[in-house]
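Q: no letters, just coordinates:
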């Protein structure tokens, strides 16, 4: 399912970013751009409405929509490696590659398979300003906004995250940070997910989603794709190390695992030279003569 316009421009932005080695920057062209004051206003509004009846009603509606969408989108999705997480029963932070507005449905399908009724998703505060059904889901479908506001992150975000993990929930954090549309390759990871895993002493369930291009067309420019979700060995903190030391080691281990999963899935070494096949399902236009 292709969501969003200007895919050719987005792919060009990905090409340029990959060539420049800037793997965590924004490449979408129509995402909201907000001032610091607008971001604070969004956060304050979100925090105020979380305890309201209106929020709880919309949350229930959004959860039903998200679950229904997950069932439809992932009818052919395969999940490999469930045996790796057989012994994990409590809360955990999940990490996965970020390639679509709907890629969380793949992770949601896995969470349901593990008996979890909900999947909480960490999302940048600016996403709360998105409109339409995507905006509705980002506001109400169990998302937890993050921010560059340090006081919010320490006083509000961290306690919310701890409470969810203490209640044995799964929380999805995208360590690649920004979404790169249909990009096959695992990108270098940011440390935040692993910092919180070490701080709250919960495992990281490491995931990597592989694409299989199908013959059937989705649009004139893209084939449909099938997802294969690889559940990799879980990553635990070392009690002999500090939170910082653990976050660095866990981040490096997760990147190694995702790299190995990519190389096994696509049968080639990972490098970041851009080629058209990096974008799953893409049918590049023939060059003009």
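A: The structure has been received and is ready for your questions. Treat the numbers as computed from the prediction; the structure is a model and nothing was measured.
Q: what ranges does the stretch 51-200 of the chain have for its helices?
A: Assigned helices in the stretch 51-200 of the chain, in chain order: 53-73, 104-113, 132-140, 150-152, 158-166, 192-199 (criterion: DSSP state H, counting those that start in this stretch).
Q: could I get the ones you listed as TSV with distance to residue 7, mean neighbour count and mean pLDDT?
A: (C-beta placed from N, C-alpha, C; glycine too.) Output for the helices of the stretch 51-200 of the chain, formatted as TSV (distance: least, Cβ to Cβ, whole Å; neighbours: other Cβ atoms under 10 Å; pLDDT from 0 to 100):
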stretch	distance to residue 7	mean neighbour count	mean pLDDT
helix 53-73	18	15	93
helix 104-113	19	22	95
helix 132-140	16	17	85
helix 150-152	33	12	90
helix 158-166	33	16	96
helix 192-199	28	23	98
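Q: so for residue 218, which of those sits nearest?
A: helix 53-73 (12.0 Å; Cβ to Cβ).
Q: and the angle from that closest one to helix 104-113?
A: Here helix 53-73 runs at 90 degrees with respect to helix 104-113, directions being taken by axes from the mean of the first three to the mean of the last three Cα atoms, to 10 degrees.
Q: with distance to residue 280 as added columns, please give the helices of the stretch 51-200 of the chain in JSON lines.
A: Shown next, in JSON lines, are the helices of the stretch 51-200 of the chain (distance: least, Cβ to Cβ, whole Å):
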{"stretch": "helix 53-73", "distance to residue 280": "14"}
{"stretch": "helix 104-113", "distance to residue 280": "13"}
{"stretch": "helix 132-140", "distance to residue 280": "20"}
{"stretch": "helix 150-152", "distance to residue 280": "35"}
{"stretch": "helix 158-166", "distance to residue 280": "31"}
{"stretch": "helix 192-199", "distance to residue 280": "24"}
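Q: right, and those - which one's nearest residue 81?
A: helix 104-113 (9.9 Å).
Q: ok now the closest one, how far from the chain's centre?
A: Centroid separation between helix 104-113 and its chain, computed with Cα atoms, centre = their mean, to the nearest Å, is 11 Å.
Q: show me the contacts for residue 182.
A: Residues in contact with residue 182 (Cβ atoms under 8 Å, 6 or more residues apart in numbering) are 99, 100, 211, 222, 225, 279, 280, 281, 282.
Q: now the buried members of the residues you listed.
A: By neighbour count, with 16 or more other Cβ atoms under 10 Å, those hold 99, 100, 211, 222, 225, 279, 280, 281, 282 as buried.
Q: turn the contacts of residue 182 into TSV, including distance to residue 184, pLDDT and secondary structure.
A: Output for the contacts of residue 182, formatted as TSV (distance: Cβ to Cβ, whole Å; pLDDT from 0 to 100; DSSP: H, G, I helix; E, B strand; the rest coil):
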residue	distance to residue 184	pLDDT	secondary structure
99	8	96	coil
100	12	92	coil
211	6	97	strand
222	14	93	strand
225	10	96	strand
279	7	97	strand
280	6	96	coil
281	10	95	coil
282	10	95	strand
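Q: nearest to residue 52 among the residues you listed?
A: For the contacts of residue 182, the nearest to residue 52 is residue 100 (30.4 Å; Cβ to Cβ).
Q: any idea how far that closest one lies from residue 60?
A: 25 Å (Cβ to Cβ, to the nearest Å).
Q: what's the answer for residue 85, then?
A: 28 Å.
Q: got the angle for the lengthiest helix in the chain vs helix 192-199?
A: Among the elements of the chain assigned as helix by DSSP state H, the one spanning the most residues is helix 243-266. Here helix 243-266 runs at an angle of 130 degrees relative to helix 192-199 (the same axes, to 10 degrees).
Q: so what does helix 243-266 touch, helix or strand wise?
A: The contact analysis (3 or more Cβ pairs under 8 Å, 6 or more residues apart in numbering; DSSP states H and E) places helix 243-266 against helix 192-199, strand 204-219, strand 222-231.
Q: buried set for the second one?
A: When neighbours are counted by 16+ other Cβ under 10 Å, the buried residues of strand 204-219 are found to be 204, 205, 206, 207, 208, 209, 210, 211.
Q: check the offset of it from the chain's centre.
A: 14 Å.
Q: tilt between it and helix 243-266?
A: Calculated by the same axes, to 10 degrees, strand 204-219 forms an angle of 40 degrees with helix 243-266.
Q: good, wrapping up.
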